[in-house]
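# make a model of this:
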Amino acid sequence: MKQEQIRELRTIGITKRFPGILACDSIDIDVGEHEILAIVGENGAGKTTLMNMLMGLYQPDEGKILINGRETRFRTPVDAYAAGIGMVHQHFMLVPSMTVAENVLLGMRTYQKFLRLDMAGVKRRIEEISSRYGLPVQPDAYIWQLSVGEQQRVELVKTLCLGARFLILDEPTSALTPQETDELIALLKRMSSDMSIIFISHKLAEVTALSDRVAILRQGRVVYRGSTSEKSIAQLAALMTGHEVNLPRNEGLDSCEEPVLAIDELRVRSDRGFWALDGFSLTTCKGEIVGLAGVAGNGQRELADALSGLRHVDAGSIRFLGREIANLSPRQIIEAGLGYVPEDRTTEGIVPAFSVQDNLVLKDVRAARFSRGPFLKLDAIKRNAEDLRERYDIRCASLAVPAGSLSGGNIQKVILAREIARKPAALVAVYPTRGLDLGAVEFIHARLLELKSQGTSVLLISEELDELLDLSDRIAVIYKGRILDILPAHQATRQKLGLLMAGIREVA
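The predicted structure follows:
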């Protein structure tokens, strides 16, 4: 298909069904030339399914896709890219064992010659795009070595390298700091003079700051379509969820009477061999939420791995309830009573091919209540899953479906339900609401505050400053593997935290 400038993209009556689910129900949207359309909705509302049909990953059961007034059918993503449409997916389409340059090369036939690959040309193209749009990436780095935020930048660079002139961005700011988000919004506004953009986001402040028009999906249907400026953030949230959204706040006092998790002078190497944590020290107390703020790639991933037993500690101490747990196995740390909500929910938090009910007992499958010797107590496992599904509002067609088939918000509820049900003395929660809709965020924030009220110590690792300010008793800022400063939450502001995250300590 010959590429031409896309002046208008329109869907008419697009419908997609899966077994037991009507994912998209007769959806009509349109995007004009140089326009930014925001598409918002709860997890599972049909946003990603709709975009996957625009990209040729799914075929619609009914309806039409029109480009410049002509009906078009994309049978594969290659057809969509040939037409000038590119998508940055929320769940990255990258090969972990390959470098950044090799991942970009996979879709660039221009640099693939007979029996020869022009890697130097690919790297020059990456550097050109990176420089033009202010998206720094390292062409020779392996994907598995990169943080989630760095992988997100690679996805955007890859899409632009492939020649996309119409961009679909699925939660593009979920791994960015506030400063980086502001920069991306400014970048997208500039890019809209050259192309059209569909922007999928749960962050309504970004939607109102960036988009010209907004389409709101709920349960697979469009419930609002119009100018973004006509609705307030509160009105958009109510349309998205079907009810008024009020995020809970931590009203407790920032006092520490009984240390639970004490980390002292921790030194841990990154996958590339340098010191990701270099003298990191932090203490969390009973009934306290300590927020850890920082730009992605400053040691958060390595800290979470060390606390959960997944990464070797070279020096320093991790004491949990007075017991040294540095370099214990993950099983020993689980049995000690430390809960863990990982950064990557789909590959570290669940076994995607296992059923929902099996994922809910992964850490306790050897407990007497769920097994007798080598035999599982299937009735007890099922009762446990039914109870947790009701308590945590896990939305799934059946408890027997693979957990990987659930929406991101429901996968996160499965992980949180499993961890909280174990009654941990401390919980390490890494980006617990990344990519989730406001309804799911409201629910998860309430559960974390409940844990605090029950005396659990929570270490909340997040780049969402509003989340940290709403939930934390104290907020620590990590920079280049060390704690730069710790602020009582009531003294912290977005400006102070933003400066600290950039490595700038305010002078009194």
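# from residue 258, how far out is the most centrally placed residue in the chain?
What sits nearest the mean C-alpha location of the chain, by C-alpha atoms, centre = their mean, is residue 434, with 3.7 Å. According to C-beta to C-beta, to the nearest Å, residue 434 stands 30 Å off from residue 258. C-beta: built from backbone N, CA, C; applies to glycine.
# for the residue nearest to the centre of the chain, report the pLDDT, please.
We have a pLDDT of 78 for residue 434.
# hang on, it in a strand?
No. Using DSSP: H, G, I helix; E, B strand; the rest coil, the secondary structure at residue 434 is coil, not a strand.
# could you check how far it is from residue 203?
11 Å.
# try residue 479
Separation of residue 479 from residue 203 (C-beta to C-beta) stands at 24 Å.
# please, which helix or strand holds residue 495?
Taking DSSP states H and E as the criterion, residue 495 maps to helix 494-501.
# would you mark the buried spots in that helix?
Neighbour counts using 16 or more other C-beta atoms under 10 Å place 496, 497, 498, 499, 500, 501 of helix 494-501 among the buried residues.
# please look at the last one and residue 291 and confirm they touch.
No. Look at residue 501 against residue 291 with C-beta atoms under 8 Å: they stay out of range, at 12.0 Å.
# related to what we said a few turns ago, where does confidence bottom out across the buried residues of helix 494-501?
Of all those, residue 498 has the smallest pLDDT value, namely 84.
# that one touches residue 465, doesn't it?
Yes. Judged on C-beta under 8 Å, residue 498 makes contact with residue 465 at a distance of 7.2 Å.
# okay, now the sheet partners of the host helix or strand of residue 11, with direction.
Here residue 11 sits within strand 8-18, counting by DSSP H and E. Sheet pairing of strand 8-18 (DSSP bridges) gives strand 21-32 (antiparallel), strand 62-67 (antiparallel).
# nearest to residue 134, out of those?
Closest to residue 134 of those, according to C-beta to C-beta: strand 21-32, at 24.5 Å.
# same question for that closest one, mean pLDDT?
Mean per-residue pLDDT for strand 21-32: 92.
# list the buried residues for that strand?
For strand 21-32, by 16+ other C-beta under 10 Å, it's 23, 24, 25, 27, 29, 31.
# distance to residue 266 for those residues - can I get that in TSV?
TSV is the format used below for the buried residues of strand 21-32 (distance: C-beta to C-beta, whole Å):
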residue	distance to residue 266
23	45
24	47
25	51
27	50
29	49
31	48
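# now, which of those sits nearest residue 422?
Nearest to residue 422 out of these is residue 23 (C-beta to C-beta; 33.2 Å).
# who's in contact with that closest one?
Contacts for residue 23 (C-beta atoms under 8 Å, 6 or more residues apart in numbering) come out as 16, 17, 46, 49, 220.
# do the same with residue 211
For residue 211, the contact set (C-beta under 8 Å, 6+ apart) comprises 36, 37, 38, 199, 228.
# which of those residues lies closest to residue 440?
Ranked by distance to residue 440 (C-beta to C-beta), the contacts of residue 211 are led by residue 38 at 18.4 Å.
# name whatever forms a beta bridge with the closest one.
Residue 38 has these beta-bridge partners by DSSP bridges: residue 199, residue 214.
# that one: how many residues sit nearby?
For residue 38, the count of nearby residues is 24 (other C-beta atoms under 10 Å).
# cool, residue 262 as well?
Number of residues near residue 262 (other C-beta under 10 Å) recorded here: 17.
# same deal with residue 246?
Counted by other C-beta under 10 Å, the residues lying close to residue 246 total 9.
# that one touches residue 442, doesn't it?
Yes. Counting by C-beta under 8 Å, residue 442 is a contact partner of residue 246 at 7.2 Å.
# now the strand or helix carrying residue 160, how far from the centre of its chain.
Element membership of residue 160, judged by DSSP H and E, is helix 148-161. Its chain's C-alpha centre lies 14 Å from the corresponding centre of helix 148-161 when counted by C-alpha atoms, centre = their mean, to the nearest Å.
# what residues does that helix touch?
Outside helix 148-161, the residues that touch it by C-beta under 8 Å, 6+ apart are 86-89, 92-94, 100, 103-104, 107-108, 122, 125-126, 129-130, 133, 135-137, 141, 143, 146, 167, 169, 172, 174-176, 180, 295-297, 343-344, 431, 434, 463.
# could you find the closest non-adjacent residue to residue 426?
The shortest distance from residue 426 to any non-neighbouring residue, by C-beta to C-beta, 6 or more residues apart in numbering, is to residue 457 (4.2 Å).
# repeat for residue 217
residue 41 (3.6 Å).
# before we move on, what about residue 411?
Closest residue in space to residue 411, ignoring its immediate chain neighbours: residue 345 at 5.1 Å, by C-beta to C-beta, 6+ apart.
# who are the contact partners of that neighbour?
Residues in contact with residue 345 (C-beta under 8 Å, 6+ apart) are 408, 411, 412, 415.
# any idea how far the residue nearest to residue 217 is from residue 218?
6 Å.
# and those two? which has more neighbours close in?
Counted by other C-beta under 10 Å, residue 41 and residue 218 do not tie: residue 41 has more neighbours, with 25 against 18.
# the more buried one touches residue 47, doesn't it?
Yes. If you go by C-beta under 8 Å, residue 41 and residue 47 touch, sitting 5.3 Å apart.
# common neighbours of those two, please.
Common neighbours of residue 41 and residue 47 (C-beta under 8 Å, 6+ apart) are residue 217.
# that's a strand at residue 467, yeah?
No. Looking at residue 467 with three-state DSSP, it is helix, so not inside a strand.
# against which helices or strands is the helix or strand encompassing residue 451 packed?
Per DSSP H and E: residue 451 is located in helix 438-453. In terms of contacts (3 or more C-beta pairs under 8 Å, 6 or more residues apart in numbering; DSSP states H and E), helix 438-453 is packed against helix 233-241, strand 289-293, helix 408-421, strand 426-430, strand 457-461, helix 465-471.
# and for residue 247, the neighbour number?
Close neighbours of residue 247, defined as other C-beta under 10 Å, add up to 14.
# again with residue 353
Neighbour tally, residue 353, other C-beta under 10 Å: 11.
# phi, psi of it?
Backbone geometry at residue 353, expressed as degrees, to the nearest 10, gives phi -80, psi -20.
# which residue is the nearest non-sequential neighbour of it?
Nearest one to residue 353, counting by C-beta to C-beta, 6+ apart, is residue 402 at 5.5 Å.
# so that neighbour versus residue 441, what's the distance?
Using C-beta to C-beta, which is the criterion applied here, residue 402 is 25 Å from residue 441.
# higher neighbour count, these two?
Ranked by neighbour count (other C-beta under 10 Å), residue 402 and residue 441 place residue 441 first, with 23 against 16.
# which residues touch the residue lying closest to that one once chain neighbours are set aside?
Nearest residue to residue 441, sequence neighbours excluded (C-beta to C-beta, 6+ apart): residue 433, at 4.6 Å. The neighbourhood of residue 433, defined by C-beta under 8 Å, 6+ apart, consists of 412, 440, 441, 444, 445, 462, 464, 467.
# so residue 51 versus residue 301, what's the distance?
Residue 51 sits 28 Å away from residue 301, going by C-beta to C-beta.
# neighbour-wise, which of these two wins?
Ranked by neighbour count (other C-beta under 10 Å), residue 51 and residue 301 place residue 301 first, with 24 against 21.
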